[in-house]
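Participant: Could you work out the structure for the sequence below:
(one chain, ligands or ions: 3)
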Amino acid sequence: MLYNNKLNKLQERGYRMSTKPKLSMYWASSCGGCEVSLVNINEKILDLAANFDFYFCPCLLDTKKKDIEALEDGEIAITFFNGAIRTSENEEMAHLMREKSKILIAFGSCSYEGCIPALSNLHTKAAHFKSIYLDNPTVDNPHGIVPKTETEVPEGTLAIPAFYESVRTLSQVTDVDYSIPGCPPEPKQVWGVIEAVIQGKALPPKGSSLGAGNSTVCRECERKKEDKKITRFYRTWEIIPDTQACLLDQGLICMGIATADGCGALCPKVNMPCTGCYGPPVGTLDQGAKMVAALGAIIDIGEKKGLSEDELVRCVDHIIDSIPDYSGTFYKYSLAGSILGGKRG
Ligand code: SF4
Ligand code: SF4
Ligand code: SF4
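Facilitator: Residues are numbered from 1 along each chain as shown. Ligands and ions are numbered 1, 2, ... in the order given. Sure, this is the predicted structure:
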């Protein structure tokens, strides 16, 4: 507020406002990690400031919604929109930022695919409210009060945004130009996109992913892949994996095979399986379905030849039962944007 007041006074005295193109970053249902990712471009932030008027970012700046509403349509050159659409406020801001931005980019997995918040799509809004506000042992709520959009108080009506029945991606509520995948996107990839804009490079066709490659994490991973067959899957705490061999070959569910490249295979580099945060590779409609299909090809029941059909089914069931959480494993980041979209059975 103080900053805006000062700006207004400067304008009143005839000072010219910045003529640099405006850049903004908005968070919807988000954890704040995407803002950290932007800050993690380190000293390049000075180049960003030299080339853009960093105009709106609720996490870092005090610009208000009314300041955005006062802009001409398309006056913001680029908006990085992170976070999923969970509330009416998220949706309202998505439409506003679309209107005011030349280029609207779904920044990070929440905005691009729903990410962790969208795993809540497996349950109803009523079930969430029950577990958060009514059954939660750490909440003292003797009158069973749950949030509602309007509450009458002596001073008038208090209003809060509506909590939607399910989480949506940015492109499910408005027109999006590009996406930058990742949870959060890798800073060097973020800077690569900003630098391309600064240098006036032609951007790829609308709808493309920026800061990601055309292949999979496996392409960036230096582990030795032998396409071994596996007889069961392991949780990460159950084995200490070999540091050179492919993690999937060792029975750890590594989503690298069904995930777009761009991060530099960060997780396998530190002996952890990829959990899929860069989303589906180019041309893949559904990341979870691709991974399930890939696993189908590596499950080994060959040494148990001669088994009856029932015994074979039990064998396959046993292997599948060693996968702990199907949605959280195969759709950890992509449920809202997947074919399932979080349909409840
Ligand atoms: S994409 Fe990841 S880092 Fe970014 S807001 Fe969502 S959960 Fe946080
Ligand atoms: S499955 Fe995982 S560990 Fe194996 S090559 Fe691909 S990214 Fe590397
Ligand atoms: S290895 Fe997978 S989970 Fe890890 S940062 Fe890369 S895409 Fe994300």
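Participant: Check the gap between the spatially most central residue of the chain and ligand 1 for me.
Facilitator: Nearest to the geometric centre of the chain sits residue 109, at 1.5 Å (CA atoms, centre = their mean). Residue 109 sits 4 Å away from ligand 1, going by CB to the nearest ligand atom, to the nearest Å. Placement of C-beta: from N, CA and C, glycine included.
Participant: secondary structure class for the most far-flung residue of the chain relative to its centre?
Facilitator: Distance to the chain centre peaks in the chain at residue 306, reaching 46.1 Å (criterion: CA atoms, centre = their mean). Look at residue 306: counting by DSSP: H, G, I helix; E, B strand; the rest coil, its state is coil.
Participant: so how far is stretch 99-109 from its chain's centroid?
Facilitator: 14 Å (CA atoms, centre = their mean, to the nearest Å).
Participant: For that stretch, buried residues please.
Facilitator: Residues 99, 100, 101, 103, 104, 105, 106, 107, 108, 109 are the ones in stretch 99-109 that count as buried (16 or more other CB atoms under 10 Å).
Participant: Is it positioned near ligand 3?
Facilitator: No - counting by CB under 6 Å from any ligand atom, ligand 3 is not contacted by stretch 99-109; separation bottoms out at 8.6 Å.
Participant: And for the residue in the stretch 201-345 of the chain positioned nearest to ligand 1, the neighbour number?
Facilitator: Of all residues in the stretch 201-345 of the chain, residue 277 sits closest to ligand 1, at 7.2 Å by CB to the nearest ligand atom. A count of neighbours around residue 277, defined by other CB atoms under 10 Å, yields 27.
Participant: Which parts of the protein are strands?
Facilitator: 22-27, 53-56, 76-82, 85-87, 101-107, 150-153, 156-159, 163-168, 178-180 (DSSP state E).
Participant: List of residues touching the second one?
Facilitator: This points to strand 53-56. 17-18, 20-26, 48, 60-61, 63, 67-68, 76, 79 (CB atoms under 8 Å, 6 or more residues apart in numbering).
Participant: Quickly run through the sheet partners of that strand, with directions.
Facilitator: Strand pairing for strand 53-56, determined by DSSP bridges: strand 22-27 (parallel).
Participant: circling back: and which of the buried residues of stretch 99-109 is nearest ligand 3?
Facilitator: residue 109 (8.6 Å).
Participant: Hmm, that closest one is touching residue 335, no?
Facilitator: No - at 10.7 Å, residue 109 does not count as touching residue 335 under the criterion of CB atoms under 8 Å.
Participant: sorry, back to before: out of the buried residues of stretch 99-109, who's near ligand 2?
Facilitator: Okay, of the buried residues of stretch 99-109, nothing touches ligand 2 (CB under 6 Å from any ligand atom).
Participant: Close to ligand 3: what parts of the chain are there?
Facilitator: So the chain meets ligand 3 at 217, 259, 263, 265, 266, 267, 274, 275, 276, 277, 278 (CB under 6 Å from any ligand atom).
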